[in-house]
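Participant: output the structure for:
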Amino acid sequence: MIPIRAYFRLFTGYLRPHRKKAVLLSIVLMIAIALQLANPQLIALFIDRAIDGAEVSSLVPIALLFMVIAVVFQLLMVWASFLAEQIGWSATNELRSNLMDHLLHLDMGFHKGSSPGELIERIDGDVTALSNFFSSMMIKVVGNGVLLTGILALLWVESWIVGLAITVFTLLALFGMIRLHGVTVPWQKAIRATSAEMYGFVGEQIDGTEDIEANGATGFMLDRFAPIQRRWNTPIVRGWQGRA
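Facilitator: Reported below is the predicted structural model:
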């Protein structure tokens, strides 16, 4: 299993040239999270005042502020997604260039043993899968981590019993996710490996379509394709189960 430290080095290494956008993304996310935490407090304030029999004129500003915060939050999340995608694609394009440079310096023995379609899938398909790592890492992992911390802090302030119960549940859930990491990662690696094998085979057959048809080898090639397809289907189904 790849250690978390390796992911962190990869993330920071390719993110460093885009640190200005990353800082801006962090600021936008922090503001969005603060607004997300503030809105439930406004709802609580609105309900408390309504129960106490407050005038409608005193409730309207709270409702308007709630709607303004909700709209601003959505706009900030759109901006954050835009910045994250920019960072993700820029970082993965640099990774593609480095990977291509590495492949071009390998000996001919490696290239003879690897089909063009397989190499294309490794350079483009595998790296495209990593674009989600770069673009969503800040929003999904860091952002939700900060949001979760803020929610737990508010729960502890409201009721330490509820805060303790939810904190224990959160720690157990995190422990379970870490344990599942070791199960699902091999499935994802198998998906990428079999995907490269399949696209490599398909690329070869497309290049040789005229020769295959001229020699009446269509059925033979389909028979060769079937086991590759089955090997590809198995890890994909497991990967879907792991995501579910």
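
Participant: C-alpha from now on. contacts and neighbour counts both.
Facilitator: Will do.

Participant: which parts of stretch 25-39 count as buried, going by neighbours?
Facilitator: Within stretch 25-39, the residues that count as buried by 16 or more other Cα atoms under 10 Å are 25-26, 28-30, 32-33, 35-37, 39.

Participant: do stretch 38-51 as well
Facilitator: Quick answer for stretch 38-51 (16+ other Cα under 10 Å): 39, 46.

Participant: pull it out as CSV, backbone CA atoms only.
Facilitator: The C-alpha coordinates for stretch 38-51 follow below in CSV (Å, rounded to 0.1, in the frame of the first residue of the first chain):
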residue,chain,number,x,y,z
ALA,A,38,-23.2,30.4,10.1
ASN,A,39,-26.4,29.6,8.3
PRO,A,40,-27.6,27.0,10.8
GLN,A,41,-27.0,29.4,13.6
LEU,A,42,-29.2,31.9,11.8
ILE,A,43,-32.0,29.3,11.5
ALA,A,44,-31.7,28.6,15.3
LEU,A,45,-31.9,32.3,16.0
PHE,A,46,-34.9,32.7,13.8
ILE,A,47,-36.7,29.8,15.4
ASP,A,48,-35.9,30.9,19.0
ARG,A,49,-37.2,34.4,18.3
ALA,A,50,-40.3,33.1,16.6
ILE,A,51,-41.0,30.9,19.6
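
Participant: report the rounded mean pLDDT for stretch 16-33.
Facilitator: In this model, stretch 16-33 carries a mean pLDDT of 86.

Participant: hmm, I typed the wrong one, I wanted stretch 223-234.
Facilitator: Mean per-residue pLDDT for stretch 223-234: 79.

Participant: what sits up against that stretch?
Facilitator: Residues from elsewhere that reach stretch 223-234 (Cα atoms under 8 Å, 6 or more residues apart in numbering): 191, 194-195, 197-198, 201.

Participant: so where is this structure shaky, pLDDT-wise?
Facilitator: Across the chain, residues meeting the criterion (pLDDT under 70) sit at 1-4, 6-7, 133-139, 181-184, 238-244.

Participant: got the domain boundaries for it?
Facilitator: Following automatic domain parsing, the chain resolves into domains at 1-158, 160-244.

Participant: now the element after the host helix or strand of Ala196, going C-ward?
Facilitator: For Ala196, the host element (DSSP states H and E) is helix 160-207. Next along the chain after helix 160-207, taking DSSP H and E as the criterion, comes helix 209-214.

Participant: now do the buried residues in that following helix.
Facilitator: So for helix 209-214, counting by 16+ other Cα under 10 Å, buried means Ile212.

Participant: kindly export that helix (C-alpha atoms) in PDB.
Facilitator: C-alpha atoms of helix 209-214 as PDB (Å, rounded to 0.1, in the frame of the first residue of the first chain):
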ATOM      1  CA  THR A 209      -8.100  -3.600 -39.500                       C
ATOM      2  CA  GLU A 210      -7.400  -4.000 -43.200                       C
ATOM      3  CA  ASP A 211      -5.000  -6.900 -42.700                       C
ATOM      4  CA  ILE A 212      -7.300  -8.600 -40.200                       C
ATOM      5  CA  GLU A 213     -10.300  -8.500 -42.600                       C
ATOM      6  CA  ALA A 214      -8.200  -9.500 -45.600                       C
END
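
Participant: which residues does Pro17 contact?
Facilitator: Contacts here follow Cα under 8 Å, 6+ apart; on that basis Pro17 touches nothing.
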